[in-house]
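**Student:** only geometry, no sequence info:
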């Protein structure tokens, strides 16, 4: 009988008959020889194929012994077979139960990793949606900066149309240039941040797809192991698969299997945290940029207000001086008229004095005397000439002063017109346009 390969777990039952070969019993058989032999001719035909009685007993004993040995061997084999069947049944049940427990433990591990992957996928989906919302805020904020840039460009172009001498690099222009530079820097920053958000969204989706693929494999493996866990010896949908007990060369180990999912979860979590940090950074960037733009807008508006006050004050002073100048021009014109009248009034006394001198120069002979009257007339003419010279000089000065006043009036009127034009540009062009500046919510991308 061939030996079985099943390992026995307890000692076999004692045998009733030892398994060794029983000794053969020897019998002395009487030989039919001598004087009493029946080997005569009369019995020769009946003795040819017959055994002796002792041989018959010996044969019976041999058959008894062989039957007893065979029965004992059969009984022993039956006992061993029953014991082996019971032990193999118990072993099969224990092995099946242990395999079921192992598969159940594998189900728990797979379910745990599957749940982690599902949680990670849901977190990545939620994080990607939030990052998409932040990206849309960035795009709206970038679009909102087009308005301020157009406003500041229009302000600079309008102020270039100021006339001399108001075409100066004042505090308003400095603040406007700062605002234009700030808007350009913010636009570049927002564009770079949008590109960074697009790249992070792509990485989030890639790792989400990787986790989803791993999760899908885990679900399929879980369903397979769950079906395997329900199999039992009473199942009707089981069959033989002789080659299924060999390990696949590409099969993973529990360590590599767990490490594979751990790496996916680690990379996905790393990208999720990077996405969270990027969202926080976007919040800070949008808040800082919107506040910076509004602060610079307020600074520009304040500079415009101060400049308009300066222009208004300068215009009022110029108008005040213009009014005084006009009054002075009027007074000077009256003065010139008075001087001319005074000069004209001196002509008659001069004519009288000169006529007297002329007439007295015709006195005859010794009558042509340098008397007191003659000296007085000469001094009168000299005095009148000096008065006329002084009046004419004063008239020239008054006329020059009048010309200067007229020039000043023209200059004042021109300067007032320039100030009025500058006020119109700053107040009605620039500041009116700046009233359409976006709000903080618009600059922050909320609207």
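**Tutor:** Arrived safely. Nothing here was measured: the structure is a model prediction, and the numbers come from that model.
**Student:** ok, residue 285 to residue 137 distance?
**Tutor:** Note on residue 285: its distance to residue 137, by C-beta to C-beta, to the nearest Å, is 10 Å. Any C-beta I mention is one placed from the backbone N, CA and C, and that applies to glycine too.
**Student:** neighbours of residue 129, how many?
**Tutor:** By other C-beta atoms under 10 Å, the residues close to residue 129 number 12.
**Student:** helix or strand next in line after the strand or helix carrying it, which one?
**Tutor:** For residue 129, the host element (DSSP states H and E) is helix 53-144. The helix or strand immediately downstream of helix 53-144 is helix 146-159, counting by DSSP H and E.
**Student:** and that following helix, how far out from the chain middle?
**Tutor:** 30 Å (C-alpha atoms, centre = their mean, to the nearest Å).
**Student:** residues making contact with that helix?
**Tutor:** Residues outside helix 146-159 that contact it (C-beta atoms under 8 Å, 6 or more residues apart in numbering): 172-173, 176-177, 179-180, 183-184, 187, 293, 297, 300, 425-426, 429-430, 433-434, 436-438, 443.
**Student:** put the buried members of those residues into a ChimeraX selection.
**Tutor:** Of the contacts of helix 146-159, the buried ones can be selected in ChimeraX as follows, counting by 16 or more other C-beta atoms under 10 Å:
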select :172,173,176,179,180,183,187,293,297,300,425,426,429,430,434,437,438,443
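**Student:** below-threshold pLDDT in the stretch 201-350 of the chain: ranges please.
**Tutor:** For the stretch 201-350 of the chain, the stretches with pLDDT under 70 are 245-248.
**Student:** can you give me the helices in the chain?
**Tutor:** Counting by DSSP state H, the chain has helices at residues 53-144, 146-159, 171-230, 254-360, 372-423, 431-434, 440-443.
**Student:** now those helices in JSON lines, with distance to residue 241?
**Tutor:** Output for those, formatted as JSON lines (distance: least, C-beta to C-beta, whole Å):
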{"stretch": "helix 53-144", "distance to residue 241": "15"}
{"stretch": "helix 146-159", "distance to residue 241": "70"}
{"stretch": "helix 171-230", "distance to residue 241": "12"}
{"stretch": "helix 254-360", "distance to residue 241": "23"}
{"stretch": "helix 372-423", "distance to residue 241": "97"}
{"stretch": "helix 431-434", "distance to residue 241": "82"}
{"stretch": "helix 440-443", "distance to residue 241": "68"}
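**Student:** which of these sits closest to residue 243?
**Tutor:** Ranking the helices of the chain by proximity to residue 243 (C-beta to C-beta) places helix 171-230 first, at 17.2 Å.
**Student:** give the other helices and strands that the closest one contacts.
**Tutor:** Packing partners of helix 171-230 (3 or more C-beta pairs under 8 Å, 6 or more residues apart in numbering; DSSP states H and E): helix 53-144, helix 146-159, helix 254-360.
**Student:** pick the most buried one from the ones you listed.
**Tutor:** Each of these was scored by mean neighbour count; the highest is helix 146-159, a mean of 18, by mean count of other C-beta atoms under 10 Å.
**Student:** for residue 51, give me the pLDDT.
**Tutor:** Per-residue pLDDT puts residue 51 at 76.
**Student:** list the contacts of it.
**Tutor:** Contacts of residue 51 by C-beta under 8 Å, 6+ apart are residue 59.
**Student:** what of residue 317?
**Tutor:** Per C-beta under 8 Å, 6+ apart, neighbours of residue 317: none.
**Student:** now it: how far from residue 323?
**Tutor:** Counting by C-beta to C-beta, the gap from residue 317 to residue 323 is 11 Å.
**Student:** follow-up on the earlier one: which one of the helices of the chain lies nearest to residue 244?
**Tutor:** Nearest of the helices of the chain to residue 244, taken as C-beta to C-beta: helix 171-230 at 11.5 Å.
**Student:** give me the neighbour count for residue 169.
**Tutor:** Residue 169: 8 neighbours (other C-beta under 10 Å).
**Student:** any idea how far it is from residue 314?
**Tutor:** As judged by C-beta to C-beta, residue 169 and residue 314 stand 17 Å apart.
**Student:** check residue 109 too.
**Tutor:** Residue 109 is 85 Å from residue 314, by C-beta to C-beta.
**Student:** ok, now residue 407?
**Tutor:** Here residue 407 is placed at a distance of 19 Å from residue 314 (C-beta to C-beta).
**Student:** cool, residue 398 as well?
**Tutor:** From residue 398 over to residue 314 (counting by C-beta to C-beta), the distance is 30 Å.
**Student:** ok, now which ones touch residue 166?
**Tutor:** Residue 166 makes contacts with 311, 418-419, 421-422, as judged by C-beta under 8 Å, 6+ apart.
**Student:** mind running it again at 10 Å?
**Tutor:** Neighbour list for residue 166: 159, 307, 311, 314, 415, 418-419, 421-423, 425-426 [criterion: C-beta atoms under 10 Å, 6 or more residues apart in numbering].
**Student:** and for residue 175?
**Tutor:** 152, 155, 296-304, 307.
**Student:** how close does it sit to residue 298?
**Tutor:** As judged by C-beta to C-beta, residue 175 and residue 298 stand 10 Å apart.
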